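> predicted model follows, preceded by the sequence.
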Amino acid sequence: MRKVFDTFDTSGDGYVSLEELSAALAKAGKAATTEECKEILGLVDENKDGQIEFDEFVKMYFIAPDKIMPGYKTLM
C-alpha cells in the first residue's frame, strides 16, 4: 500500500496534493477533471488540510477498492 501511495506522492512530502492525484489518475488511464479530483479529495481528506495523508489514502482504498486504478491495485 505504501508503494502505491509513494507513486501518487511524486514530491515525496508525505502527502498527495490535488495536482498529484490528478496526475496519478491520468497516468493510470483514469483521467479525471479538476472538479472530480476535488470531489475525491473532499471525500477522503478527513482533516480538511487539502491533501491526502497515508492513513486517509488507505481508508480511500477500503471504502472503494474497485475504484483503484488497474495496475496500482496489484502493487498493494
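That came in fine, so what should we check first? Residues are numbered from 1 along each chain as shown.

> make it CA atoms for all contacts and neighbour counts henceforth
Fine.

> report how many residues lie close to Leu21.
Burial measure for Leu21: 25 neighbouring residues, criterion other Cα atoms under 10 Å.

> isn't it up against Glu36?
No. Using Cα atoms under 8 Å, Leu21 is not in contact with Glu36, being 10.4 Å away.

> name the helix or strand for the residue nearest the centre of the chain, please.
The chain has Leu21 as the residue nearest its centroid, 5.0 Å off, counting by Cα atoms, centre = their mean. Element membership of Leu21, judged by DSSP states H and E, is helix 18-27.

> quick one: buried residues of the helix or strand that that helix is followed by?
Sequence-wise, the next helix or strand downstream of helix 18-27 (DSSP H and E) is helix 34-44. Across helix 34-44, burial judged by 16 or more other Cα atoms under 10 Å covers Cys37, Lys38, Ile40, Leu41, Gly42, Val44.

> can you read off the pLDDT for the first one?
At Cys37, the model reports a pLDDT of 87.

> any buried residues in the helix or strand bottoming out on mean pLDDT in the chain, and which?
Every helix and strand of the chain was ranked by mean pLDDT, DSSP states H and E. The lowest is helix 54-63, at a mean of 82. Applying a neighbour-count criterion of 16+ other Cα under 10 Å, the buried positions in helix 54-63 are Phe54, Glu56, Phe57, Val58, Met60.

> contacting residues around the residue nearest to the centre of the chain?
By Cα atoms under 8 Å, 6 or more residues apart in numbering, the contact set of Leu21 is Phe8, Cys37.

> pLDDT weak spots in this protein?
61, 63-76 (pLDDT under 70).

> check the gap between Phe54 and Glu39 for me.
18 Å (Cα to Cα, to the nearest Å).
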